[in-house]
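1. Generate a structure from the sequence data that follows.
(one chain, ligands or ions: 1)
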Amino acid sequence: MSAPEVLQVGPYPAWDQERLDAHFVMRKYFEADDKDAFLAAHGANIRAIATRGELGASRAMIDALPKLEIISVYGVGYDAVDLAAARERGIRVTNTPDVLTKDVADLGVAMMLCLSRGMIGAESWVRDGNWQSKGLYALQNRVWGKRAGILGLGRIGFEVARRLTGFDLQIAYSDTAPKDYATDLRYVADPVALAAESDFLFVTLAASAATRHIVGPAVIDALGPQGMLINISRASNIDENALIDALSAGRLGSAALDVFDGEPKIDPRFLTLDNVLLQPHHASGTFETRKEMGRLVFDNLSAQFDGRPLPTPVL
Ligand code: 8YV
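-> Numbers count the residues shown, from 1 in each chain. A predicted model of the protein is given here:
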């Protein structure tokens, strides 16, 4: 039997690509100049989509693949997959949960520390010779002992909380309901109330239509001029225009962001702000985690083609 054909939406590291190429016919959509012509040429035989969290799979793409059985996402977030379109056709969807949880939490906490302590500017201070010529670096803001709010206490939010206890932060969280695995964390139902009592607000929500712009003007203003917003989830959870306005006007203290609307082409206004830390959506980007993510993408595809249960299904 010929190898199954897979539509590959974005590139993967070499070790994943080699394994995928060895077992399947990978149709590299991201390399095609004319995407429609590519789908017209190969769509009829494609049984799977291999995509990435931020790239997903649109309804138009799904509709162009009559034999599609499965969408395997390299990432825990599958908000960019048109789930309704997949559900209508009984198409399975898988993601890569758990393996990336702690790396994403690590980066969120690192971003908080880095921005609070002005580490990027401090590095330049040394490299530019200012330490020697001008003296001590400007004083920065303390982290320990302050108040952290976690918006969305799923797996990643919980790992953020675990890490923050080591920094002696007072931690509260908001979610759709209190979590039974977080009895020692204070629950605040309303995100605006949570923001009002936070110095650091971590956004760790799985994104969906229901959470779109959950961090809007009310949450941002409640966090206030001394507050820091840290987003390691999806840009759609934040009203980016309201965020940029508040950062520019000083109504919000600062923001550390790993995700952006329209990334990687981010809003150029971010580049004019000095109260932001900008990261290129790499919270899961360690060798160890990305290898496990790639393995899961492959294992889910293989399971589907072999008729075995899927390791990590979401649909
Ligand atoms: C990845 C992600 O950066 O897990 C997710 O939802 O967005 C990330 O882990 C991405 O999928 C890799 O391209």
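2. only C-alpha atoms for contact and neighbour calcs from this point on.
-> OK.
3. Please list the residues of the stretch 51-200 of the chain that sit near the ligand.
-> Within the stretch 51-200 of the chain, the positions near the ligand by Cα under 6 Å from any ligand atom are R52, G53, E54, Y74, G75, V76, G77.
4. As TSV, those residues with distance to L247 would be great.
-> Output for these, formatted as TSV (distance: Cα to Cα, whole Å):
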residue	distance to L247
R52	30
G53	28
E54	25
Y74	32
G75	29
V76	29
G77	27
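5. pLDDT weak spots in the stretch 51-200 of the chain?
-> Within the stretch 51-200 of the chain, the set of residues satisfying pLDDT under 70 is empty.
6. In the stretch 151-300 of the chain, which residue sits closest to the ligand?
-> Of the stretch 151-300 of the chain, the residue with the smallest distance to the ligand, taken as Cα to the nearest ligand atom, is S284 at 4.7 Å.
7. tally of neighbours for that residue?
-> When neighbours are defined as other Cα atoms under 10 Å, S284 has 22 of them.
8. Now P191. Nearest residue, chain neighbours left out?
-> Computed as Cα to Cα, 6 or more residues apart in numbering, the closest residue to P191 that is not its neighbour in sequence is S174, at 6.0 Å.
9. cool, D190 as well?
-> Nearest in space to D190, with sequence neighbours left out and distances taken as Cα to Cα, 6+ apart, is S174 at 6.6 Å.
10. Test my guess that the one you found contacts V192.
-> No: using Cα atoms under 8 Å, S174 is not in contact with V192, being 9.5 Å away.
11. So those two - more neighbours on which side?
-> S174 (24 against 21).
12. domain ranges for the protein?
-> According to automatic domain parsing, the chain is divided into the following domains: 5-98+288-306, 101-278.
13. Adding distance to L315, write those out as a markdown table.
-> Output for the domains of the chain, formatted as a markdown table (distance: least, Cα to Cα, whole Å):
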| stretch | distance to L315 |
| --- | --- |
| domain 5-98+288-306 | 5 |
| domain 101-278 | 15 |
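14. next one: phi and psi at the residue nearest to P191?
-> With angles defined as degrees, to the nearest 10, S174 sits at phi -130, psi 140.
15. Next, the contact list for it, please.
-> Applying Cα atoms under 8 Å, 6 or more residues apart in numbering, one finds that S174 lies in contact with G149, I150, L151, G152, L153, Y187, V188, A189, D190, P191, L194.
16. now it, which residues is it bridged with?
-> According to DSSP bridges, the partner residues bridging S174 are L151.
17. Make 43 the first number, not 1, from now on.
-> Renumbered: residue one is now 43, and that last one reads S216.
18. Which strand or helix spans the residue of the stretch 193-342 of the chain closest to the ligand?
-> Using DSSP states H and E, S326 sits in no helix or strand.
19. quick one: the strands in the stretch 143-292 of the chain?
-> In order along the chain, the stretch 143-292 of the chain carries the following strands (DSSP state E, counting those that start in this stretch): 189-193, 212-216, 228-229, 242-245, 270-273.
20. ranking these by burial, who's on top?
-> Comparing the strands of the stretch 143-292 of the chain on average neighbours per residue, with mean count of other Cα atoms under 10 Å, the densest one is strand 242-245 at a mean of 28.
21. could you dump the residues of the stretch 93-242 of the chain next to the ligand to JSON lines with secondary structure?
-> Conversion of these to JSON lines gives the following (DSSP: H, G, I helix; E, B strand; the rest coil):
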{"residue": "R94", "secondary structure": "strand"}
{"residue": "G95", "secondary structure": "coil"}
{"residue": "E96", "secondary structure": "coil"}
{"residue": "Y116", "secondary structure": "strand"}
{"residue": "G117", "secondary structure": "coil"}
{"residue": "V118", "secondary structure": "coil"}
{"residue": "G119", "secondary structure": "coil"}
